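K.L.:
give me coordinates for this.
(one chain, ligands or ions: 1)
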Amino acid sequence: MFAERTNWNLTGNRLSEALARHRAGGKQLLDLIASNPTECGFAYDNETILAALQNPAALRYEPNPKGLESARLAVTEYYSARGVAISADDIVLTTSTSEAYSFVFRLLCNPGDELLIPAPSYPLFGFLADIQDVKLVRYPLVYDHGWQIDFHSLQQAITPRARGVIVVNPNNPTGHFVKEKELAKLNELCAARGMALIADEVFLDFALSGAQRVTFAGNPSALTFVMSGLSKIAGLPHMKMAWVISSGPGELKRPAMERLEVIADTYLSPNAPVQLATPAFLEQRHGFQKQVMTRVRKNLTELDRQLAAQSACVRLELEGGWYAVLRVPVAQTDEELAIAFLETKDTYVHPGHFFDFAGDGYLIASLIAREQEFAEGLRRILSYF
Ligand SMILES: Cc1ncc(COP(=O)(O)O)c(C=O)c1O
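P.N.:
Okay, here's the model as predicted:
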């Protein structure tokens, strides 16, 4: 009855089963993977958010394949605040970054074509690729006092079917940003091999230091698609508003935009009230981001304080984002360890293999978890070793 592409193994893994058992037991759980910003105790400007959804203009249907101009202009203002000039004509609005990925995968790839993805990275790529009949090929990131792209391995991974290189900037969960030199090499590689650059910048604003970070938005040297959205930037994943920006040499960008527009026109996904509210939603990102960065810094300080008092575990360096990677002793698989924490410490962390870490010995904790919960969960985890 069903397409091969949906032939997933949908039986739960041992960790999800352990979590279900724990929940069914009704015991308290210290959630160190919290990543839903609406449940982490941040104060939102509720009145402004709700008022923005009541724009009478939403009573009129004004279909536009790229999305309403007022919303796209608000996105250009977001970039101009970073000193990057983007034209509203180069933006297509989508309901999520995931949908933006789907559009770009559809634009670039025939069935069986390949896209290069970083490892470790964000676990959703597998499903997105399956649904679009795309094959993912991993290229390793290497850690040596900070993360970097292993360009030798990246080059080795390129086959004639490779259509693009995906970068997550900063990456989830390693929290490292792409550097100028890496951007230059990526541009050179993609331009020479006829590949596109696909940059996920949903965490771009969450840098720990004030240093100016590289953004791929407006990158002129290779065909580039930059995705971001309100999910992380404004802490509004439920509002379902994201975008993809095209740039690059005109002879590639023009047809890319024409085709992307047809894909977007086929769905016309974003709804009117949210598009009309997007300028107000983006405006309230400042207050949200301030709270997030305060939380991230406090949790990181607590993490370092507790790590300094023991010698079994360390954390990897990070430059931004919402997550910390812990290096822990390997006496069992990361999954077994995460299950042991659930069962004996009532604490939930993610095993590294969720994020494609090459070996065992890595745990991922969310730095936006509530401070008390984070400190107590961490204390329990460290007491295990
Ligand atoms: C790196 C990265 N990209 C994209 C997303 C999803 O964003 P959206 O809600 O816009 O689909 C996430 C969500 O966790 C993410 O971590």
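
K.L.:
what is the burial count for D144?
P.N.:
D144 has 7 neighbours, counted by other Cβ atoms under 10 Å. In this view, the C-beta of every residue, glycine as well, is placed from N, C-alpha and C.

K.L.:
residues touching A119, list them.
P.N.:
R138, Y139, P140, L141, D356, F357, A358 (Cβ atoms under 8 Å, 6 or more residues apart in numbering).

K.L.:
among these, which pair sits farthest apart?
P.N.:
Y139 and F357 (14.3 Å; Cβ to Cβ).

K.L.:
number of residues surrounding the residue of the stretch 201-350 of the chain found nearest the ligand?
P.N.:
With Cβ to the nearest ligand atom as the measure, S231 is the residue of the stretch 201-350 of the chain nearest to the ligand, at 3.4 Å. For S231, the neighbour count with other Cβ under 10 Å is 19.

K.L.:
who are the neighbours in contact with the residue lying closest to it once chain neighbours are set aside?
P.N.:
Closest residue in space to S231, ignoring its immediate chain neighbours: P237 at 4.1 Å, by Cβ to Cβ, 6 or more residues apart in numbering. By Cβ under 8 Å, 6+ apart, the contact set of P237 is N36, P37, T38, L230, S231.

K.L.:
try F288
P.N.:
With Cβ under 8 Å, 6+ apart, F288 has these contacts: P37, F42, Y44, A234, G235.

K.L.:
just the buried residues of these.
P.N.:
Among the contacts of F288, the ones that count as buried by 16 or more other Cβ atoms under 10 Å are P37, F42, Y44, A234, G235.

K.L.:
what about those, which are in strands?
P.N.:
When strands are assigned by DSSP state E, not one member of the buried ones among the contacts of F288 lies inside them.

K.L.:
confidence score at T11?
P.N.:
On pLDDT, T11 comes in at 87.

K.L.:
any chance of the buried ones among the contacts of F288 in CSV, with pLDDT and distance to the ligand too?
P.N.:
Shown next, in CSV, are those (pLDDT from 0 to 100; distance: Cβ to the nearest ligand atom, whole Å):
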residue, pLDDT, distance to the ligand
P37, 98, 10
F42, 98, 16
Y44, 98, 17
A234, 98, 11
G235, 98, 11
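
K.L.:
and the two most separated of those residues?
P.N.:
F42 and A234, at 10.9 Å, using Cβ to Cβ across those.

K.L.:
strands of the stretch 101-250 of the chain, residue ranges please.
P.N.:
Assigned by DSSP state E, counting those that start in this stretch, the stretch 101-250 of the chain shows strands spanning 114-119, 135-143, 147-149, 162-168, 196-200, 224-229, 242-247.

K.L.:
highest mean neighbour count out of the ones you listed?
P.N.:
strand 224-229 (a mean of 27; mean count of other Cβ atoms under 10 Å).

K.L.:
so that strand, near the ligand or not?
P.N.:
Yes - applying Cβ under 6 Å from any ligand atom, one finds that strand 224-229 is in contact with the ligand at G229.

K.L.:
dump that strand to PDB, keeping only the CA atoms.
P.N.:
Provided in PDB are the C-alpha atoms of strand 224-229 (Å, rounded to 0.1, in the frame of the first residue of the first chain):
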ATOM      1  CA  THR A 224      23.100  29.900  -1.600                       C
ATOM      2  CA  PHE A 225      19.900  29.300   0.400                       C
ATOM      3  CA  VAL A 226      19.700  30.600   3.900                       C
ATOM      4  CA  MET A 227      16.900  29.400   6.200                       C
ATOM      5  CA  SER A 228      15.700  30.900   9.400                       C
ATOM      6  CA  GLY A 229      12.500  31.700  11.200                       C
END
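
K.L.:
which residues are contacting that strand?
P.N.:
With contacts defined as Cβ under 8 Å, 6+ apart, strand 224-229 is touched by 94, 96-97, 100-101, 104, 196-202, 204, 215-217, 219, 241-248, 256.

K.L.:
correct me, but G175 touches G320?
P.N.:
Yes - using Cβ atoms under 8 Å, G175 makes contact with G320 at a distance of 5.4 Å.

K.L.:
near the ligand, which residues of this structure show up?
P.N.:
S96, T97, S98, Y122, V168, N172, D200, V202, G229, S231, P237, A242.

K.L.:
farthest-separated two in these?
P.N.:
V168 and P237, at 16.7 Å, using Cβ to Cβ across the residues of the chain next to the ligand.

K.L.:
just the helices from the stretch 151-300 of the chain, written as ranges.
P.N.:
Using DSSP state H, counting those that start in this stretch, the helices of the stretch 151-300 of the chain run over residues 151-157, 180-193, 230-233, 250-267, 272-283, 285-308.
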